[in-house]
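Novice: pasting a predicted model and its sequence here:
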Amino acid sequence: MSSALVKGFSVTHRRYVPHGHAHYGGSLVDGAYGLGLFGDVATELCVRTDGDEGLFAGYRDVEFVAPILAGDVVEATGTLTRIGNRSREVSFEARVVCRAAPERGSSAADVLEPALVVARAVGTVVVPVPAGAE
């Protein structure tokens, strides 16, 4: 068991949202994009805590609270909130930290302070039983 396997341990990823990911008018990106970020964060969290990528068992309490737009820089954080024998509950939050400002020019953008929360969720991941613990 890793020394990182403690409640409150967290992992954060940042990613630029390319314009090719916009699916809807107004450069809107679908909500599944945020869930994909959460999956990537959960994978790294499991590697760091359990030495295995783990498998996602499911989400609950998914909230899309603001849009993700093409040109955003999104930061997604997963925090370990419950530790079972093989399951791990993770609380997720995604925030836009930079947003395109096309009204000022084709490459203009702003840093958002404070960051704009765009999605939250709670998920459960499952990791294998450690060798010799069966």
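Specialist: That came through fine. Numbers count the residues shown, from 1 in each chain.
Novice: can you count the residues close to the residue lying closest to Arg86 once chain neighbours are set aside?
Specialist: Here the nearest residue to Arg86 in space, its sequence neighbours aside, is Val126; by C-beta to C-beta, 6 or more residues apart in numbering that works out to 5.4 Å. Glycine gets a C-beta too; all of them are placed from N, C-alpha and C. Counted by other C-beta atoms under 10 Å, the residues lying close to Val126 total 17.
Novice: and the gap between Val126 and Ala115?
Specialist: The gap separating Val126 from Ala115 is 30 Å, by C-beta to C-beta, to the nearest Å.
Novice: over to Gly36?
Specialist: To Ala115, Gly36 is 19 Å away according to C-beta to C-beta.
Novice: before we move on, what about Arg88?
Specialist: When C-beta to C-beta is applied, the distance between Arg88 and Ala115 equals 25 Å.
Novice: just want to know which of those two has more residues nearby.
Specialist: Between Arg88 and Ala115, counted using other C-beta under 10 Å, the more crowded position is Arg88 (24 against 17).
Novice: pretty sure the more buried one is touching Gly78, no?
Specialist: No - using C-beta atoms under 8 Å, Arg88 and Gly78 do not qualify as a contacting pair, with a distance of 9.7 Å.
Novice: overlap in contacts, these two.
Specialist: Common neighbours of Arg88 and Gly78 (criterion: C-beta atoms under 8 Å, 6 or more residues apart in numbering): Leu45.
Novice: residue contacts, the residue nearest in space to the middle of the chain?
Specialist: The chain has Phe38 as the residue nearest its centroid, 2.8 Å off, counting by C-alpha atoms, centre = their mean. Contacts for Phe38 (C-beta under 8 Å, 6+ apart) come out as Tyr59, Ala76, Gly78, Phe92, Ala94, Ala119, Ala121, Gly123.
Novice: and the gap between the first one and Ala121?
Specialist: I take that to be Tyr59. Tyr59 sits 5 Å away from Ala121 when distances are taken as C-beta to C-beta.
Novice: for the second one, same thing?
Specialist: Using C-beta to C-beta, one gets 10 Å for the distance from Ala76 to Ala121.
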